[in-house]
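*Asks:* please work out how this folds:
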Amino acid sequence: RAELVPIVQAIAEQPQPDDSFLHRHFDSRKQWNFTLEVLRDLGYDFNRGRQDVSAHPFSTSFAITDVRVTTRVNENYFPTALFGSMHEAGHAMYEQGIDPSLERTPLAAGTSLGMHESQSRLWENQVGRSLAFWTHYYPKLRQIFPEQLSDVSLEAFHRALNRVQPSLIRVEADEVTYNLHIMLRFELENALVERQIAIRDLPDLWNARMEEYLGILPDSDANGVLQDIHWSLGTLGYFPTYALGNLMSAQLFGQAKKDVPDLDDQIASGRFDGLLGWLREHVHRYGRELTATQILERATGEGLQARSWLAYIRARYSHIYPGAF
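*Replies:* Residues are numbered from 1 along each chain as shown. You can find the predicted model right below:
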């Protein structure tokens, strides 16, 4: 909180990149075919899975040999389908990479929700929103959508994909502000469990912290305290797994870049076997044989920390918002 809130506030004071072209009409079938091409390139094995359409993206595993993904397509906002696909493929490739000897045992699954989210967020954000990734894919995308993107440079496209703008809704939040949404929920549910606050006080407390952390005030409880189903389901303690995944993703990706020095060049040439191979070796194959902490310690030499994620945010967004850093 101490370091992230000032970063968000500083970015909010900067001129915003134009992202209007992302809201042009993008044919759904062409988008769909593009997502399939990208997933194949990343290493998602279509011989052991498939992609379908759903109202909300998710992945599901029936066995190591059958791990399926879904996404949704918005013809008037390009990032929805692609990043939904990449996010779910991150989950699915984790399950596909578990050691086959663990099949049909309780160990044949991701070791924790946080580690699972680290895989989806790594592919969606560290890879999918990187300049290296779009150095390879943007020329292809412009060929598919010449009318929509012929007047948009690679730099402008990359900046638009990384636009930071505080918003009311968690699931639509950019990666810089996202953890503040989690922080708000975590602090309030802790206070609930410890009986420091009453349920009737939640709306006012929610609104006050949204204004403090993100500088915006919900226009209704539907867009505020009632927007998530987790508390009504009784899943207290679930929200932090999203933030844990973000932190782990930065630690793991940072270590992968150290161990594979030309990783950015590989990504810029459309090759992902180096990264996927590293994740297979250091994360995926263990299933639940190791805890998330043990995996982090073996792979990176230390347990969970926020330093790597904050460094990643500063490095990427100093290029998008140089006046904020």
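*Asks:* quickly find the element holding the spatially most central residue of the chain.
*Replies:* Nearest to the mean C-alpha position of the chain, by CA atoms, centre = their mean, lies Arg121 at 3.0 Å. Element membership for Arg121 (DSSP states H and E) is helix 113-121.
*Asks:* for the record, mean pLDDT for that helix?
*Replies:* The predicted model gives helix 113-121 an average pLDDT of 97.
*Asks:* which parts of it are buried?
*Replies:* 114-121 (16 or more other CB atoms under 10 Å). Yep, even glycine has a C-beta here, placed from its N, CA and C like the rest.
*Asks:* what is it packed up against?
*Replies:* The contact analysis (3 or more CB pairs under 8 Å, 6 or more residues apart in numbering; DSSP states H and E) places helix 113-121 against helix 79-96, helix 240-259, helix 292-300.
*Asks:* so the longest one versus helix 79-96, what angle?
*Replies:* If I follow you right, that is helix 240-259. With axes from the mean of the first three to the mean of the last three CA atoms, to 10 degrees defining the directions, helix 240-259 sits at 80 degrees from helix 79-96.
*Asks:* helix 240-259: what's the following helix or strand?
*Replies:* Next element after helix 240-259 (DSSP H and E): helix 263-268.
*Asks:* using CSV, write out every CA atom in the least confident helix or strand in the chain by mean pLDDT.
*Replies:* For the chain, counting by mean pLDDT, DSSP states H and E, helix 230-233 ranks last in confidence among helices and strands (a mean of 88). Extracted C-alpha coordinates of helix 230-233, given in CSV (Å, rounded to 0.1, in the frame of the first residue of the first chain):
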residue,chain,number,x,y,z
HIS,A,230,-17.3,-14.0,-3.0
TRP,A,231,-18.6,-12.8,0.4
SER,A,232,-22.2,-13.9,-0.2
LEU,A,233,-20.8,-17.4,-1.1
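*Asks:* hmm, back to that, and the buried residues of helix 113-121, which is closest to Glu187?
*Replies:* Among those, Gly114 lies closest to Glu187 (CB to CB), at 18.0 Å.
*Asks:* okay, the nearest residue to that closest one once chain neighbours are set aside and Thr111: tell me how far apart.
*Replies:* Distances taken as CB to CB, 6 or more residues apart in numbering place Leu244 nearest to Gly114, at 3.3 Å, with adjacent residues excluded. Using CB to CB, to the nearest Å, one gets 12 Å for the distance from Leu244 to Thr111.
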